[in-house]
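Novice: with the input below, show me the fold.
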Amino acid sequence: METWQPTQRELEEVLELLRHSQSLDTNVQRSVQQRLEQLNTHQYFCCYLVYILSDLRQEEVPSRGLAGLILKNNIRAQWRSQPAQIRDFVRIKTLNSIGDPHPLIRATVGIIITTIVVEEGIQSWPTLLQTLGELLVYNDAYVQDGALNAIQKIFEDSGDRLEKHEHIEPLLPKLLPFFRHEVGKMRGLAMNAINSILMVPDEPITCVIDDFIVELFQRAHDPEEEVQKQLCRSLTLLLDAHIDKMETNLPNVVTYIIVKTQDANEAVALEACEFWLALAENTDVCREVLAPYLKDIIPVLIKCMRYSENDIHILKGYDDTEDAMVPDRAEDIKPRFHRARTQGQEGTADGEEEDDDDEGNTEWNIRKCAAASLDVLSSIFGDEMLPILMPILQQALQHPEWQVRESGILALGAIAEGCTQGIEPLLSELIPFLVRTLEDRKALIRSIACWTLSRYCHFVVSQPHEMYFQNLLTKLLARILDGNKRVQEAACSAFATLEEEASSELVPYLGEVLQTLVNAFRIYQAKNLLILYDAVGTLADSVGAHLAQDNYVELLMGPLMHKWATLSDDDKELFPLLECVSSVASALGPRFLPYSQPIFKRCIDLIVKCLTQQQAHQNNPNGEDPPEKDFLIVSLDLLSGLAESLHQQIDPLVAQSQPPLVELVRVCALDPTPEVRQSCFALIGDLAKACYHHLSPQVADFITILSANLDSEQISVCNNAIWALGEIALKIGDQMKPYVPHYLANLVLVMNKPNVQRTLLENTAITLGRLGIHCSEEVAPHLELFMRTCCFALRNIRDNSEKESAFTGLCMMVNANPAGCMRDFIFLCDAIGSWNQPPTPLREMFYRILLGFKQNVGDQNWGLFTGQFPPPLRQKFASQYQL
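Specialist: Okay, the predicted model is just below:
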């Protein structure tokens, strides 16, 4: 293959295509694209492309560069299926071009080399890094530039996957001299290359770390902006991996970073500002090192929080334009991903939280980084910052320039959580000021005031409503209907936070709240509709059944059902709408029944569509696209919500579904995607509660499937499977007995695994308890294996029917195997004491167990035993059980 030569006719055709591809005529471009796709199947197409890139130096550079980029795409799509001799030919020719006189070609060669390494790993090109290292000392500036460029790209794309450090370590001593290279670009490339591997596991940089740090500090006053940027990045990365090497120099580094955070080049300033976030991750070091510098750092951060001229240019029109009626562009709408439903007592099984974001969906910049830095520093230094901070903020909040005022309001929001106690006495003035600012003529100030107020919602709600809450609510509702889309977005997000904090305290204001949200449906464009759905769903979660009044139902369901009817089945706006409808259904309960049929049917149709697409893709992977699984997940979740809301009233819908819902659920339960199974198992549990007889004919299959999904590494899948088993256990009764041996050991394993997520533990304890109601003979012999952890988990659950069923079964197992709980009896007593008012039958079971234990050990030992109890528990036992 080394002697391969193109045929002239085919070479001319490819060259002509490359020239035509630069045409502005869309028809020509389309024709070229179609022909290129055909040529991709040609056995030697890669050879033609690399030949043009490397050998045809008389050809125009744009055509050669384009040949290289097409080659890169071909490598990504087909490299592993190419014959070995063609892959070798491409490697040799590409490497031969690394010193091309044209920078575009050298850059393209670097891209091709790193793409090959990404596709096949360095082990398939074992001599590459050694060769590039030799080229670094080659006496040719172009060759050195091409080699260094390629090394930087390889380290950036594959640094963490390079096998063994013998690939990296020999290169490092050859890279360090480039830190002193006369050409600034080369210095920056060398520093960027090493930065790309600073965080690689086992730290290959260790072999030259001292020399590296010496070279770094010598670049402190380098005039090249890229070098300054990479130096700031190096210092930030070293905090995580090699802070021990930095400690003696940290004061000098801090002084340097303070200066660079103010750099006129925003890219340099942003890299410098990242240093504060990285340092804050080590709280003790941060506190010790930065305390003397707070008076210098805080003013710099607040100044960096101002909108730059570039920011204002990007946001052109945002600060005074009434753009509410201007449709959004598709590229302005951030993709939404549905979070699958998790059954449990508290929150989500994965403990995820939404990020606070004052900037909507704009990219990370110095302003946001400075605000985040002030936020984390306030969490470390707390109220100690206020004597420095407040005089600066007071000046900023009264400043005639709106950009300065806006940065002051942003800073006030950034410190809300870190400086809670110290700022509270000032809030009697600051909250009314911020509420007045909601009416500022500048939209960017109105929007940041919304965000900052959302950070103080907890305080506002904790005060008498007439002090702040009522006025804030009125003004925030007005901003939800603002004529500026950015303000609408900020107000709607802030209102969602207020809803969560206020919860049922919003009930007296539901009329005006709902009217505002319904009006917003009429004026919001696509992007803000997504946030509006979230606000409506959060309202439903917050006020619950209070939403089920006839006038509220009619007011809200009209626009929701209109949106439901107008969105197509492949519109991703369905995700947030389905989530919203699910929350509303849960709040309305039986009042949702009149709206349930079209929603139920749409969910069935979406599930069928996804499963059909999945089957078509499996049959023809290259010809059919896989389905968008989020449509499947969100449909399963909404059906769960309907079952939970309608209870037995969902029975006719399940009975009439075509194809039968239970058949669809069975297919989804075997889906390879964990999130699909997670949502499916939640639906199985909800169907077991609402209409078990529909599951009954296939319950053996469902139990088998659920039993196979008890891997606690997949927290949410495991959680929902265990919860569903518990719901089925209540319905199936003693028919569960044959299945218990198949999964009991796994339940005990989850119950005793260290550091298990709380919701998973609670659901496992509930299911184990429920099994005791009808399967005591099978479960009670193993009681001592889970008694203590089960009691720990159950004591933290609020009094409800799930807790009642779990304790009922637990008591029955204690009666069946008293010896199984003797060692951990004190933990059972503690769990019994967690009940405020247990139902009468359960209280009698508790009494008999406690009395039996007392009689068994005698009064004297009972007195010694209960003497270990905390006083509140002793009092409860005396008052409730006379023991």
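
Novice: need the phi and psi values for the closest residue in space to Pro223 that isn't next to it in sequence.
Specialist: Leaving aside its sequence neighbours, Pro223 sits nearest to Gly184 (C-beta to C-beta, 6 or more residues apart in numbering; 7.3 Å). From N, CA and C alone the C-beta is placed, and that goes for glycine too. The phi and psi values for Gly184, taken as degrees, to the nearest 10, are phi -60, psi -40.

Novice: for Gly184, give its distance to Ile111.
Specialist: 22 Å (C-beta to C-beta, to the nearest Å).

Novice: more crowded one of those two?
Specialist: Ile111 (20 against 14; other C-beta atoms under 10 Å).

Novice: look up the pLDDT of the more buried one for me, please.
Specialist: Ile111 is assigned 96 on the pLDDT scale.

Novice: ok, it touching Ile70?
Specialist: No - between Ile111 and Ile70 there is no contact under C-beta atoms under 8 Å: 11.7 Å.

Novice: re earlier: list the contacts for the residue nearest to Pro223?
Specialist: Asp222, Pro223, Glu224, Glu226, Val227 (C-beta atoms under 8 Å, 6 or more residues apart in numbering).

Novice: distance of it from Lys153?
Specialist: Gly184 is 19 Å from Lys153, by C-beta to C-beta.

Novice: just Leu539 next, same as before
Specialist: 50 Å.

Novice: same question, Asp671
Specialist: Applying C-beta to C-beta to Asp671 and Lys153 gives a distance of 38 Å.

Novice: again with Arg795
Specialist: 56 Å.

Novice: quick check on those two: which one has the bigger neighbour count.
Specialist: Using other C-beta under 10 Å, the more surrounded residue of Arg795 and Lys153 is Lys153, with 24 against 17.

Novice: give me the element the more buried one is part of.
Specialist: Lys153 is located in helix 141-158, with elements delineated by DSSP states H and E.

Novice: likewise for Glu59?
Specialist: Judged by DSSP H and E, Glu59 forms part of no helix or strand.

Novice: how near is it to Cys46?
Specialist: 17 Å.

Novice: who's more crowded, those two?
Specialist: A count of neighbours by other C-beta under 10 Å puts Cys46 above the other of Glu59 and Cys46, at 23 against 15.

Novice: hang on, that one packs against Gln82?
Specialist: Yes - taking contacts as C-beta under 8 Å, Cys46 lies within contact range of Gln82: 6.4 Å.

Novice: which neighbours do those two share?
Specialist: The contact lists of Cys46 and Gln82 share Val90, where a contact means C-beta under 8 Å, 6+ apart.

Novice: quick revisit: among the contacts of Gly184, who's most crowded?
Specialist: Of the contacts of Gly184, with other C-beta under 10 Å as the count, Val227 tops at 24 neighbours.

Novice: which ones are touching it?
Specialist: Shown in contact with Val227 (C-beta under 8 Å, 6+ apart): Gly184, Arg187, Gly188, Met191, Arg219.

Novice: likewise Thr283?
Specialist: Ile380.

Novice: distance of it relative to Ala370?
Specialist: For Thr283 relative to Ala370 (C-beta to C-beta), the value is 20 Å.

Novice: tell me where the stretch 551-700 of the chain has helices.
Specialist: Counting by DSSP state H, counting those that start in this stretch, the stretch 551-700 of the chain has these helices, from start to end: 574-588, 593-619, 629-646, 651-656, 661-668, 674-695, 699-707.

Novice: and stretch 613-627, end to end?
Specialist: 5 Å (C-alpha to C-alpha, to the nearest Å).

Novice: buried residues, that stretch. List them.
Specialist: Gln613, Gln614, Pro627 (16 or more other C-beta atoms under 10 Å).

Novice: also stretch 21-35?
Specialist: Ser21, Val32, Arg35.
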